[in-house]
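Visitor: Structure for this input, please:
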Amino acid sequence: MEKDISISFTKATILGILIPLPLAMFFLALYHHFWGYTEIIAFMKNTAFLFLLLLYVVLGSAFHELVHGLSWSFFAGKPLQTIHFGMHWKSLSPFAHCTESMNARSYRIGCVMPYLLEGLIPSIVSVITGSGWLLFFGLIFTMGAGGDLLILCIIRKLESKTLVRDHPTRVGCSVLIPDDDNRKSPL
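Guide: Take a look at the predicted model:
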């Protein structure tokens with residue numbers, strides 16, 4: 001038996017803005033405390049800013065989904081052939097999808113890795129070094145990880161060994177509950 005704990009891409013897009021916003025604001029305030037906004041403003045006034053923004057978003061989004069897929073493959077021990085990449089055009093959301101079930105721990109790791117690599121680490125390094133462009137990059141991908149952070153909130157109560165299956169058309173997963181399981185449901 002499966003219990004669906006997913007949400008639509010549209011709802012995830014909306015809620016996914018609210019969840020990472022405090023993280024982004026924290027790093028923005030921390031950066032401002034140590035470095036001010038001079039370098040960030042200079043970066044944004046650069047004539048190549050819009051081009052760089054588009055480049056960051058396109059390439060960073062592709063990398064984000066690749067990290068999901070590689071993380072699920074590595075941590076869940078799934079062959080790369082079970083990972084599918086695509087684009088949900090209605091919400092303009094690229095996605096990575098694993099077709100096989102995995103434990104909740106591996107699923108969580110795969111969900112959080114893009115945020116760690118593209119959001120958290122660049123934001124921390126920017127506060128240490130004063131790099132405005134790196135802060136900008138980190139903030140973009142902190143916000144871009146909103147849907148993933150939302151999934152982590154949705155599955156936060158699942159035990160690590162609980163089997164889940166990534167949802168093929170929505171944001172989230174299904175929890176696999178054995179039919180003969182007399183124990184309490186993992187939800």
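Visitor: would you say F95 is within a strand?
Guide: Yes - assigned with DSSP: H, G, I helix; E, B strand; the rest coil, F95 falls within a strand.
Visitor: State whether it and M87 are indeed in contact, as I suppose.
Guide: Yes - counting by Cβ atoms under 8 Å, F95 touches M87, with 7.2 Å between them. (C-beta placed from N, C-alpha, C; glycine too.)
Visitor: Give me the more crowded residue out of the two.
Guide: Taking neighbours as other Cβ atoms under 10 Å, F95 and M87 compare with F95 leading, 20 against 12.
Visitor: where does the protein have low pLDDT?
Guide: Applying pLDDT under 70 to the chain flags the ranges 91, 180-187.
Visitor: Same question for the helix ranked longest in it: list its buried residues.
Guide: Using DSSP state H to define each element, the chain has its longest helix at helix 49-76. For helix 49-76, burial by neighbour count (16 or more other Cβ atoms under 10 Å) applies to 56, 60-61, 64-65, 67-69, 71-73, 75-76.
Visitor: Which one of those residues is nearest to G130?
Guide: Y56 (19.0 Å; Cβ to Cβ).
Visitor: ok, that closest one to P22 distance?
Guide: Using Cβ to Cβ, to the nearest Å, we find Y56 at a distance of 22 Å from P22.
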